[in-house]
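Give me a 3D structure for the following:
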Amino acid sequence: MVEWPRWVRLRNDNHAGRFSVRDSRRNDYIEKARRLNIGRKNDKTEHVMASREQRFLGRKIPGALQVTKAEGSFIFDDRGRKYIDFVMGWCVGNFGWGNEVLTNAAAEFDGPDYVFPGHSYGPWTELAELLASISPGKLMKSFRATGGSEAVDIALQAAMVHTGRQKFLSLEGSYHGNAIGGLSVADSKNRQQCRNLLPHCYKVELPLDNEALERIDKFLKTEEFAAFIMEPISVNLGVLIPEMEFMTELAKLCRRYGTLLIMDEVATGFGRTGTLFASERYHLEPDIMCIAKAVTGGLGGLGATITTAAVARSMEENGSYYSTYGWHPRSVHVAIATIHYITTHQKQLLGIVNEMSEYFRSRLSQLRFKGVANHSIAGMAIGLELDTDDYASDIQAKCQRNGLLITAEGSTLLLLPSLNIDQAIAKQGLDILERCI
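Numbers count the residues shown, from 1 in each chain. So this is what the prediction gives:
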């Protein structure tokens with residue numbers, strides 16, 4: 001028995017017996033669905049599911065895990081098997097899956113289905129005010145986005161509009177989303193396949209030491225660079241934690257040469273690294289900050305580009321930032337609840353983060369990996385640099401088979417648990433990791 005999408009099943013009895021173009025399209029859909037096996041409930045084998053996924057869903061590698069439920073720090077698959085989640089959607093589920101405050105906010109939402117960007121909507125202003133109240137430095141105005149990639153693109157545009165400059169500087173090997181702008185300022189390898197990315201994007205090689213500062217100074221002193229963009233703590237570079245001296249000098253160089261400082265806090269924001277925003281660790285006052293991911297806890301897509309008043313003024317006068325689904329009403333309602341949740345429980349929440357961070361540090365330092373294993377830990381952003389890519393991938397696969405979800409990026413294992421994870425659950429996960437190394 002084929003189960004059809006709701007719009008196919010619905011019909012208006014008042015029109016029974018009448019034929020229309022819509023009826024024709026519905027019949028075409030039904031016939032095509034029969035041919036393609038869409039909606040069959042008895043497709044139980046992994047082979048059939050993987051085949052359908054490969055045929056219809058654009059992705060590099062079909063997912064081996066068919067997710068059916070998420071709760072707390074656990075993910076459940078279609079067989080009912082439970083996994084400890086040390087990924088949390090890559091910094092999306094900071095407060096645990098199914099967080100009661102956030103799910104209640106989503107369930108209780110009774111606002112409009114949609115608001116045209118040209119209209120006004122009170123909760124947009126409320127959310128913008130809340131973001132301004134918790135953001136570092138003089139960040140004041142928010143530009144609406146659907147997620148991190150769009151927030152980064154808006155930030156790059158704002159920097160060009162405000163400074164009148166075209167060039168960007170960033171860290172080699174970094175990641176700033178999948179839109180053209182983000183790909184352009186991230187890893188130079190992106191240009192091997194996409195050769196028409198933005199020009200005038202220059203990179204600083206690691207490590208972030210005095211020599212790197214000298215190279216940055218040489219670039220910026222030309223006064224041709226609109227912005228320097230980076231994650232204050234680069235989760236995407238294995239939890240790279242710059243020294244305080246580097247970040248302090250970087251901020252000084254940007255101010256000296258009129259280059260805007262963009263902090264990409266899409267992954268690091270909302271408590272992930274032990275402070276509300278990772279920029280706070282370095283007492284930074286960025287000109288622009290990008291946020292997304294944990295701001296809704298996974299219950300809706302939302303991102304924001306938060307700028308100083310001066311940058312916002314330039315953008316409002318000369319920028320272009322229309323976003324059809326930026327700050328959808330339901331997502332905004334959840335984001336407001338998220339920020340209230342954070343500010344109400346901030347001391348307790350960050351206390352748990354720092355306590356559990358030390359627990360992970362202690363346990364991981366006792367594990368006996370093959371070869372050298374260096375860990376880099378900031379709050380609940382945890383990177384383990386191993387000897388080889390293959391070893392990291394093998395550990396990830398073994399962990400998943402044994403009920404633990406982690407990620408492997410090259411030779412680095414990344415652990416990104418929820419910020420409020422129970423120590424007993426953390427211990428279970430680390431025990432699995434220990435058995436798999």
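
Wait, a helix at residue 433?
Yes. Under DSSP: H, G, I helix; E, B strand; the rest coil, residue 433 falls within a helix.

surely it meets residue 406?
Yes. The criterion here is CB atoms under 8 Å, and residue 433 meets it with residue 406 at 7.3 Å. (Each C-beta comes from the backbone N, C-alpha and C, glycine too.)

Determine the residues that are contacts of both of those two.
Residues touching both residue 433 and residue 406 (CB atoms under 8 Å, 6 or more residues apart in numbering) are 395, 399.

which stretches of the stretch 301-437 of the chain have low pLDDT?
Within the stretch 301-437 of the chain, not a single segment meets pLDDT under 70.

the helices in it, which residues?
Assigned by DSSP state H, counting those that start in this stretch, the stretch 301-437 of the chain shows helices spanning 309-318, 329-366, 389-401, 423-435.

In a markdown table: those helices, plus mean neighbour count and distance to residue 149.
Listed next are those as a markdown table, based on neighbours: other CB atoms under 10 Å; distance: least, CB to CB, whole Å:
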| stretch | mean neighbour count | distance to residue 149 |
| --- | --- | --- |
| helix 309-318 | 16 | 18 |
| helix 329-366 | 17 | 16 |
| helix 389-401 | 17 | 25 |
| helix 423-435 | 16 | 30 |
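
where does the closest residue in space to residue 404 that isn't next to it in sequence sit relative to residue 244, distance-wise?
Counting by CB to CB, 6 or more residues apart in numbering, residue 432 is the residue found nearest to residue 404 once chain neighbours are left out, at 4.1 Å. Shown here: residue 432 relative to residue 244, a distance of 35 Å by CB to CB, to the nearest Å.

do residue 208 as well
For residue 208, the distance to residue 244 (CB to CB) stands at 11 Å.

How about residue 342?
With CB to CB as the criterion, residue 342 and residue 244 are 25 Å apart.

Can you pick out the residue with more neighbours from residue 208 and residue 244?
Higher neighbour count among residue 208 and residue 244: residue 208, with 22 against 11, using other CB atoms under 10 Å.

Just to check, the more buried one is in contact with residue 241?
No. With contact defined as CB under 8 Å, residue 208 does not reach residue 241; the gap is 9.4 Å.

so who does the residue nearest to the spatial centre of the chain touch?
Central residue of the chain (CA atoms, centre = their mean): residue 293, 4.3 Å from the mean position. Residue 293 is in contact with 89, 90, 91, 92, 94, 147, 148, 266, 267, 269, 270, counting by CB under 8 Å, 6+ apart.

So for it, what's the pLDDT?
For residue 293, the pLDDT comes out at 98.

what does the one 5 residues further on give?
pLDDT recorded at residue 298 is 97.

Quick one: neighbours of it, just the number.
Residue 298 has 20 neighbours, counted by other CB under 10 Å.

which residues touch it?
Here residue 298 is in contact with 70, 89, 92, 93, 97 (CB under 8 Å, 6+ apart).

Buried residues, stretch 208-223. List them.
The neighbour-count check on stretch 208-223 (16 or more other CB atoms under 10 Å) flags 208, 212, 213, 216, 219, 220 as buried.

Save those residues as CSV, and put in distance to residue 123 too.
Below are those laid out as CSV (distance: CB to CB, whole Å):
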residue, distance to residue 123
208, 40
212, 43
213, 43
216, 40
219, 41
220, 39
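
Could I have the CA atoms of stretch 250-267 written out in PDB?
Only the C-alpha atoms of stretch 250-267 are listed here, as PDB (Å, rounded to 0.1, in the frame of the first residue of the first chain):
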ATOM      1  CA  LEU A 250      45.200  40.900  15.300                       C
ATOM      2  CA  ALA A 251      42.500  43.300  16.600                       C
ATOM      3  CA  LYS A 252      45.000  46.100  16.900                       C
ATOM      4  CA  LEU A 253      46.200  45.600  13.300                       C
ATOM      5  CA  CYS A 254      42.600  45.600  12.000                       C
ATOM      6  CA  ARG A 255      41.900  48.900  13.800                       C
ATOM      7  CA  ARG A 256      45.100  50.500  12.700                       C
ATOM      8  CA  TYR A 257      44.500  49.800   9.000                       C
ATOM      9  CA  GLY A 258      40.800  50.300   8.900                       C
ATOM     10  CA  THR A 259      40.100  46.600   8.300                       C
ATOM     11  CA  LEU A 260      36.900  45.200   9.800                       C
ATOM     12  CA  LEU A 261      37.100  42.200  12.100                       C
ATOM     13  CA  ILE A 262      34.500  39.600  11.400                       C
ATOM     14  CA  MET A 263      34.000  36.900  14.000                       C
ATOM     15  CA  ASP A 264      32.300  33.800  12.700                       C
ATOM     16  CA  GLU A 265      30.600  32.400  15.800                       C
ATOM     17  CA  VAL A 266      28.200  30.100  14.000                       C
ATOM     18  CA  ALA A 267      29.700  27.000  15.700                       C
END
